[in-house]
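In: structure, please.
(chains A and B)
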Number of protein chains: 2
Amino acid sequence: MDKLLNDLVAIVGPEGMLLGNDVSQRSVDWFTGAPCRAKAIVRPRTTEQLSKVMALCYQADQPVVTHGGMTGVVHGGEASPDELVVSLELMNRIEEIDSVGFTIQVQAGVTLQHVQEAAGEIDMQFPLDLGARGSCTIGGNIATNAGGIRVIRYGMMREQVLGLEAVLSDGTVVSSLNKMLKNNAGYDLKQLFIGSEGTLGIVTRAVLRLQPYMPSEQTALVAVPSFDALTRLLGFVSRELANSLSAFEALWNNHYRLMTTESGKHTPLLADDSPFYAIIETLGLDEERDAEDFSLILEKALEAGLITDAVLASSRAQRQVIWAIREDIEVLVKELKPMFSYDVSLPIPHMQAYAEQLEQNLKAQWPQAAKIVVFGHLGDGNLHIMITVRDESPESRRQVEQLVYHPLKAYGGSISAEHGIGLEKRDYLSITRSSEEIALMKRMKTALDPKGLLNPGKVVALD
Amino acid sequence: MDKLLNDLVAIVGPEGMLLGNDVSQRSVDWFTGAPCRAKAIVRPRTTEQLSKVMALCYQADQPVVTHGGMTGVVHGGEASPDELVVSLELMNRIEEIDSVGFTIQVQAGVTLQHVQEAAGEIDMQFPLDLGARGSCTIGGNIATNAGGIRVIRYGMMREQVLGLEAVLSDGTVVSSLNKMLKNNAGYDLKQLFIGSEGTLGIVTRAVLRLQPYMPSEQTALVAVPSFDALTRLLGFVSRELANSLSAFEALWNNHYRLMTTESGKHTPLLADDSPFYAIIETLGLDEERDAEDFSLILEKALEAGLITDAVLASSRAQRQVIWAIREDIEVLVKELKPMFSYDVSLPIPHMQAYAEQLEQNLKAQWPQAAKIVVFGHLGDGNLHIMITVRDESPESRRQVEQLVYHPLKAYGGSISAEHGIGLEKRDYLSITRSSEEIALMKRMKTALDPKGLLNPGKVVALD
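Out: Below is the predicted model of the structure:
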């Protein structure tokens, strides 16, 4: 063991340092199961320990990759044999929960689900929600500015963070554990660390905003006759359910059909021949009245021709059946093998033209093999696009990436809506960010991490 | 006219440059009416013009102070005779409004009210609202991360900004006019310019998020028997009106009494002997039902002893009568002459102890003269505190500032909730921000404005 690792063990103790098999048994990619290749995994128990670890790494020019729950999908956690991994897994405590101020203070390694449950115990909710809730950590949610299905109502992770503590590359602890909704005393430093994927600092603790618990949840799956009707439906429910709309998920026909009749994995609750489907959800306080309101609004949408059919969930089980059509990624992985997965955003009015053109381009290049599935958070401008060309060669992947990413520029879209950049999308960043923007990102990276030791090569590559 | 000014006129034209009396007739402080002392005021019409202006200023080491609507209260717009003012007043166009995507794209010099009205015309709303709406500009709202009365529901200005364009000190245009709720393609650069008071760049254009228009507005003034009851009332209405609560303003007895019975300026809608009052507001869609719900919740609060009396507005005129008690600052200015005005935030549970201690400390030092008035956005942790000691000497001001600011540190509070730092609070920043935080702010300032030309000396002073 080299001197640095010896010095680090002295800080974190033997149980705070993983080596050899304990490192390689861990995966850096839940998709492929690729093993972690770092020289060691360091697991601090406190901010102070991490500060000392980073100060030593800084002196030794030791690059560091931060690990949270490892549920990311853009290779943000990849580590080479000369890199050290810092895992926040032992910093997983809820430190304080304030039912008057509606705040919770946690260490970065706590899971999202743990926070959701702690809020639930005092009749509140933490509204960020995504499929990986049981594994992903708050630190990872912050570092990647996680999104999910309720952004239309509550915003992304950025909007949930009131205060934050981070350790800089040289070990400096920047603690801004603010608990107030309003604090304009100087620059809002926490914004630097939210969504920068561990490249500007390591998040160690956070104060999060809680929301009142909403006992009433209404959910419907509806069939929509055209893209125009889909956008008008979004506008209609955004207005008519302005106080309660919490999700508006759109499914293109190719998605719905694959999930139901083609794969046979989910019950086709509605006929499979509609061009679009949407899952609409509201949150409220009064189950009976909310259900009445909800079905009335859907009736109006039916009369207005915005939808052609609808199924309303009348129980928790039925809600889960509807949501499973949207959330069951495994069916996609199996049916579209080998699958390329994309997460883009663009202004809503351009979505259909973009998706149609993309499908045409794919079919032109791979007339037999190409298959595309489109779904996503319509209200957020966010589409998830799953593509197979039945070939996973690097050349095919690159060709598909070109087709997916390049047209976004003209629409003012983004190559990453919620998954981040990591390594996977780094070399495409210039498609939807200008050279001035990228230069400014590099300027920030250099200012905060002058030696380039934090998650090297992720998001932006320094020259 | 010196060479630089000549070169600048060539860029912005004669009508784009104000000199002499046209400069000094303008005020940099609506409170005192202090005149602008800058060497000139430059008024670009386009981002390109401003870019050229800044490139020349950068070459000439010319410091620049940015002016929006000049409604700030922390001397953020002060300019010395060797400084140049850039005013965005001629960049006041609404460029695009998208009723499908719920966005509006504007130039920075447009007023808040203009944006509110444009949204209203298409049956939407721009929810940020504050008393200065007719004069303050979107660029200023962004630069100061403006707050106001509906933060509890819609967040501060930061949450309303989807995309942003800014010009850096060297003239570089960083354009990130994103329109989507979700965009995680690299660092979220707009955060650098929101709330940094023009010290890191000059905001030129922005894409803002619109919300559905809410036709039903319920408003009540209630009497609250204790601070404990006040915080429990906030919790109660936050839960029971979770989908509609849009404002919760608390008035300490000293505020309510001064505004009504003591000054005689506003009708005492409720007896003036209650320790606290609150203005509660909801926004909704169904006037009749919302009114029923609202009065039912207030009845429950009455039964639970959280309030002792209430008056509900049943017309727009009555709503204005209630809000006038809260918003009429002129009465305070007159009654508390000479008035020192503060805007602090701290965790809600500590507010009353803080306010009581502050009043005691003031009375100890100025037994006869000291008078304090407390009110604010309780749900945001934000208190406005108006104080007079009937003496406006710099020494008295400094002594009062010490009493107001120093105790905040122990509570994890902030010396500025929504007004910003400017020049006025700069030297107090270290009370509620750590040396590590301030060092990081300076690092950011140096990275983005290496010559220190943008709003020099505001927010953080470079050594």
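
In: and stretch A:385-405, C-alpha only, in CSV?
Out: The C-alpha trace of stretch A:385-405 is given here as CSV (Å, rounded to 0.1, in the frame of the first residue of the first chain):
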residue,chain,number,x,y,z
ILE,A,385,-35.8,8.0,-26.2
MET,A,386,-34.9,4.4,-26.4
ILE,A,387,-33.4,3.1,-29.7
THR,A,388,-32.1,-0.1,-31.0
VAL,A,389,-30.5,-0.8,-34.4
ARG,A,390,-29.8,-4.4,-33.3
ASP,A,391,-26.1,-3.6,-33.2
GLU,A,392,-24.0,-2.2,-30.4
SER,A,393,-20.8,-1.5,-32.2
PRO,A,394,-19.2,1.8,-31.3
GLU,A,395,-19.7,3.0,-34.8
SER,A,396,-23.5,2.4,-34.7
ARG,A,397,-23.7,4.0,-31.3
ARG,A,398,-21.9,7.1,-32.6
GLN,A,399,-24.1,7.3,-35.6
VAL,A,400,-27.3,7.0,-33.5
GLU,A,401,-25.9,9.6,-31.1
GLN,A,402,-25.4,12.0,-34.0
LEU,A,403,-28.9,11.5,-35.2
VAL,A,404,-30.4,12.0,-31.7
TYR,A,405,-28.2,15.0,-30.6
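
In: anything in that stretch near chain B?
Out: No - on the criterion CB under 8 Å from any CB of the partner chain, stretch A:385-405 is out of touch with chain B, staying 10.1 Å away. From N, CA and C alone the C-beta is placed, and that goes for glycine too.

In: contact partners of that stretch?
Out: A:332, A:336-344, A:355, A:358, A:361-362, A:365-366, A:369-374, A:376, A:415, A:428, A:431-432 (CB atoms under 8 Å, 6 or more residues apart in numbering or on different chains).

In: show me which of those are buried.
Out: For these, a burial check counting by 16 or more other CB atoms under 10 Å in any protein chain shown picks out A:332, A:336, A:339-344, A:355, A:358, A:361-362, A:366, A:370-374, A:376, A:415, A:428, A:431-432.

In: tell me which of those residues fall in strands.
Out: Judged by DSSP state E, the subset of the buried ones among the contacts of stretch A:385-405 located in strands is A:340, A:341, A:342, A:343, A:344, A:371, A:372, A:373, A:374, A:376.

In: state the pLDDT value of the second one.
Out: With respect to pLDDT, residue A:341 has a value of 95.

In: next up, the contacts around it.
Out: So residue A:341 contacts A:73, A:384, A:385, A:386 (CB under 8 Å, 6+ apart).

In: one more time with 6 Å
Out: residue A:386 (CB atoms under 6 Å, 6 or more residues apart in numbering or on different chains).

In: what's the following helix or strand after whichever helix or strand residue A:159 is part of?
Out: Following DSSP states H and E, one finds residue A:159 within helix A:157-160. Later in the chain than helix A:157-160, the nearest helix or strand by DSSP H and E is strand A:161-167.

In: which bits of the stretch 201-350 of chain A sit near chain B?
Out: Within the stretch 201-350 of chain A, the positions near chain B by CB under 6 Å from any CB of the partner chain are A:212, A:231, A:238, A:239, A:242, A:243, A:244, A:284, A:345, A:347, A:348, A:349.

In: quick revisit: wait, which of the ones in strands among the buried ones among the contacts of stretch A:385-405 is closest to residue A:31?
Out: residue A:341 (8.2 Å; CB to CB).

In: can you name the residues bridging to that closest one?
Out: Beta-bridge pairing for residue A:341 (DSSP bridges): residue A:386.

In: so how far is residue A:148 from it?
Out: Noted for residue A:341: a distance of 16 Å to residue A:148, by CB to CB, to the nearest Å.

In: ok, now residue A:275?
Out: From residue A:275 to residue A:148 the distance is 26 Å (CB to CB).

In: the two: which is more packed in?
Out: Of the pair residue A:275 and residue A:148, residue A:148 is the one with more neighbours under other CB atoms under 10 Å in any protein chain shown, namely 22 against 17.

In: and the more buried one, what are its phi and psi?
Out: Here is the backbone geometry of residue A:148 (degrees, to the nearest 10): phi 100, psi -160.

In: look up how far chain B lies from the closest residue to it other than its chain neighbours.
Out: Leaving aside its chain neighbours, residue A:148 sits nearest to residue A:130 (3.8 Å; criterion: CB to CB, 6 or more residues apart in numbering or on different chains). For residue A:130, the distance to chain B (CB to the nearest CB, to the nearest Å) stands at 12 Å.

In: tell me how many other residues surround the closest residue in space to residue A:195 that isn't next to it in sequence.
Out: Excluding the flanking residues, the one nearest residue A:195 by CB to CB, 6+ apart is residue A:145, at 3.3 Å. Neighbourhood size, residue A:145 [other CB under 10 Å]: 23.

In: quick one: residues contacting residue A:145.
Out: So residue A:145 contacts A:156, A:157, A:158, A:194, A:195, B:184 (CB under 6 Å, 6+ apart).

In: now it: how far from residue A:13?
Out: Taking CB to CB, one finds residue A:145 at 33 Å from residue A:13.

In: try residue A:335
Out: Relative to residue A:13, and taking CB to CB, residue A:335 is found at 47 Å.

In: and residue A:449, by the same measure?
Out: Applying CB to CB to residue A:449 and residue A:13 gives a distance of 27 Å.

In: who has more neighbours out of these two?
Out: The neighbour comparison of residue A:449 against residue A:13 (other CB under 10 Å) goes to residue A:449, with 22 against 13.

In: contacting residues for the nearest residue to residue A:101 once chain neighbours are set aside?
Out: In space, and not counting its chain neighbours, residue A:101 is closest to residue B:348: 4.9 Å by CB to CB, 6+ apart. For residue B:348, the contacting residues are A:100, A:101, B:231, B:381, by CB under 6 Å, 6+ apart.

In: equivalent analysis for residue A:270, please.
Out: A:223, A:309.

In: that one looks like it's in a strand, true?
Out: No - under DSSP: H, G, I helix; E, B strand; the rest coil, residue A:270 falls outside any strand and is assigned coil.

In: so what pLDDT did it get?
Out: pLDDT, residue A:270: 98.

In: which parts of stretch A:305-320 are buried?
Out: Quick answer for stretch A:305-320 (16+ other CB under 10 Å): A:306, A:307, A:308, A:310, A:311, A:312, A:313, A:319.

In: out of these, who's nearest chain B?
Out: Nearest to chain B among the buried residues of stretch A:305-320 is residue A:306, at 13.5 Å by CB to the nearest CB.

In: where does that closest one land in three-state SS?
Out: coil.

In: these two touch, right, it and residue A:228?
Out: No - using CB atoms under 6 Å, residue A:306 is not in contact with residue A:228, being 9.4 Å away.
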